[in-house]
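Chemist: Just to be clear, the model below is a prediction. Sequence and coordinates:
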Amino acid sequence: MNHKFATAAKVLGGMLAIAMMPAHAADPVKIGFLVKQPEEPWFQDEWKFAAMAAKDKGFELVKIGTPSGDQVLTAIDNLSAQHAQGFIICAPDVKLGAAIAAKARIGNLKLMSVDDRLVDGAGKPIESVPHMGISASKIGEQVGSAIADEIKQRGWKLADVGAISISYDQLPTAKDRTSGATAALLAAGFPAANIINAPQAKTDTENAFNAANVAITQHPNFKHWVAYGLNDEAVLGAVRAAESRGFRTADMIGVGIGGSNSAKNEFAKAQPTGFFGTVLISPKRHGYETSVNMYEWIKDGKQPPALTYTTGKLMTRQNAAAVRADMGL
Ligand code: GLA
């Protein structure tokens, strides 16, 4: 190759490389992490691991609590005004999906979702938004199996046992979790008529308490109770409601999903409670990995995996430390 040609090719190559650089590539990388319930330990852990990714990769993380749709839209405007290049969101309502995606596009922000998958106007998942969530049905089944095993262990007569399903069906991952638990209980021979649907108005402990309280009041026939729901907070609400009605440790089996501080504090109590166990899921993967994916998408144009489902592991008071260590927590 002659010298002149080689130089021209080099210059052209350089120009092409500049033209192909992602927008804002010269700005320092800034990534938003928006969560629906910043007070919940799960989301605090997610943020903690996102911050770790920011430190490791050298980008700026902007954590924003967005419990309402208005706050989500304002937060996206702010991110765009501060020249952030992308954000990860667990939205307060997955039906905001289309609005969030449109707003991100206008603000020139890359978008990923975590935990709760965004849906369009027809309720279908928005497949163009990369997502990381838990394998909800499978984890729900783990909850149901754990409860069924413990009922057997305690030698309870099935006719005497009521099951409280703390439900929040408008959120697909919640519905999949409780349906999975119900399916596993039924498969283990638990009577369908003894499963009581207890919808919670909001996904916190207080609303779960109220839902469970109604269920217990309306079914004075049961001698023992079991409970499951979307997360640890839901099950803790049911456990507290059962306690307040005299169903204490020996007569209650609650199995949650999460394993963050809510569960840790419960296990740390001197005496065991009706909160028998939880399926530990990974805030590290959800916080750290999504942040790194977003960073590499911005920095190198590397498209994140379209869909990632993470797994969980049953954790009880007895094996909590080992299971947490096993998950790198
Ligand atoms: C939902 C729940 C959270 C947590 C995450 C895990 O967002 O509301 O409590 O369980 O899923 O993905």
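Modeler: That came through fine. The model shown is predicted, which means the values in this text are computed figures rather than measured ones.
Chemist: Pick out the residue of the stretch 151-300 of the chain closest to the ligand.
Modeler: Going by C-beta to the nearest ligand atom, the ligand is nearest to N231 of the stretch 151-300 of the chain, at 3.6 Å. All C-beta spots, glycine's among them, are computed from the backbone N, C-alpha and C.
Chemist: Measure how buried that residue is and give me the count.
Modeler: 30 (other C-beta atoms under 10 Å).
Chemist: Retrieve the pLDDT associated with it.
Modeler: At N231, the model reports a pLDDT of 98.
Chemist: check contacts around it.
Modeler: 40, 42, 203, 256-258 (C-beta atoms under 8 Å, 6 or more residues apart in numbering).
Chemist: ditto for S145
Modeler: 184, 188.
Chemist: State whether it is indeed within a helix.
Modeler: Yes - applying DSSP: H, G, I helix; E, B strand; the rest coil, one finds S145 inside a helix.
Chemist: List, one by one, the residues from the stretch 101-250 of the chain near the ligand.
Modeler: 115-116, 133-134, 173, 203, 230-231 (C-beta under 6 Å from any ligand atom).
Chemist: roughly how far is stretch 193-205 from the heart of the chain?
Modeler: Stretch 193-205 has its C-alpha centroid displaced from the chain centroid by 18 Å (C-alpha atoms, centre = their mean, to the nearest Å).
Chemist: Can you give me the buried ones in that stretch?
Modeler: For stretch 193-205, burial by neighbour count (16 or more other C-beta atoms under 10 Å) applies to 194-196, 198, 200, 203-205.
Chemist: Also stretch 168-186?
Modeler: 168, 171-182, 184-185.
Chemist: hey, where'd the helices end up in this structure?
Modeler: With helices called from DSSP state H, the chain shows them at 3-19, 41-57, 69-81, 97-106, 136-154, 172-187, 205-218, 232-244, 261-267, 283-284, 290-300, 320-326.
Chemist: which one of the ones you listed is the most hemmed in?
Modeler: helix 232-244 (a mean of 27; mean count of other C-beta atoms under 10 Å).
Chemist: Now do that one: which elements does it pack against?
Modeler: Packed against helix 232-244 by the contact rule (3 or more C-beta pairs under 8 Å, 6 or more residues apart in numbering; DSSP states H and E) you find strand 161-167, helix 205-218, strand 224-228, strand 252-258, helix 261-267, strand 275-280.
Chemist: now with 6 Å?
Modeler: Applying 3 or more C-beta pairs under 6 Å, 6 or more residues apart in numbering; DSSP states H and E, one finds that helix 232-244 contacts strand 161-167, helix 205-218, strand 224-228, strand 252-258, helix 261-267.
Chemist: Can I get the ones you listed in JSON lines including distance to T316?
Modeler: Below are these laid out as JSON lines (distance: least, C-beta to C-beta, whole Å):
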{"stretch": "strand 161-167", "distance to T316": "19"}
{"stretch": "helix 205-218", "distance to T316": "20"}
{"stretch": "strand 224-228", "distance to T316": "14"}
{"stretch": "strand 252-258", "distance to T316": "9"}
{"stretch": "helix 261-267", "distance to T316": "8"}
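Chemist: and these as TSV, adding mean pLDDT?
Modeler: What follows is those, written out as TSV (pLDDT from 0 to 100):
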stretch	mean pLDDT
strand 161-167	98
helix 205-218	98
strand 224-228	98
strand 252-258	98
helix 261-267	96
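Chemist: quick one, which of the ones you listed is nearest to L111?
Modeler: With distances scored as C-beta to C-beta, the stretch of these nearest to L111 is strand 252-258 (25.1 Å).
Chemist: ok, residues contacting the closest one?
Modeler: 42, 139, 143, 146-147, 150, 225-228, 231-232, 235, 238-239, 242, 274-279 (C-beta atoms under 6 Å, 6 or more residues apart in numbering).
Chemist: so, in contact with the ligand or not, it?
Modeler: Yes - judged by C-beta under 6 Å from any ligand atom, strand 252-258 comes into contact with the ligand at 257-258.
Chemist: Tell me which of the helices and strands packed on helix 232-244 sits nearest to D70.
Modeler: helix 205-218 (21.2 Å).
Chemist: Dump the closest one to PDB, restricted to CA.
Modeler: Output of helix 205-218 as PDB, limited to C-alpha atoms (Å, rounded to 0.1, in the frame of the first residue of the first chain):
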ATOM      1  CA  THR A 205     -46.200  -3.900  55.200                       C
ATOM      2  CA  GLU A 206     -49.100  -1.800  56.500                       C
ATOM      3  CA  ASN A 207     -51.300  -2.600  53.600                       C
ATOM      4  CA  ALA A 208     -50.400  -6.200  53.800                       C
ATOM      5  CA  PHE A 209     -51.300  -6.200  57.500                       C
ATOM      6  CA  ASN A 210     -54.700  -4.800  56.700                       C
ATOM      7  CA  ALA A 211     -55.300  -7.300  53.900                       C
ATOM      8  CA  ALA A 212     -54.300 -10.300  56.100                       C
ATOM      9  CA  ASN A 213     -56.300  -9.000  59.100                       C
ATOM     10  CA  VAL A 214     -59.500  -9.100  57.000                       C
ATOM     11  CA  ALA A 215     -58.700 -12.600  55.800                       C
ATOM     12  CA  ILE A 216     -58.100 -13.900  59.300                       C
ATOM     13  CA  THR A 217     -61.200 -12.200  60.700                       C
ATOM     14  CA  GLN A 218     -63.400 -13.700  58.000                       C
END
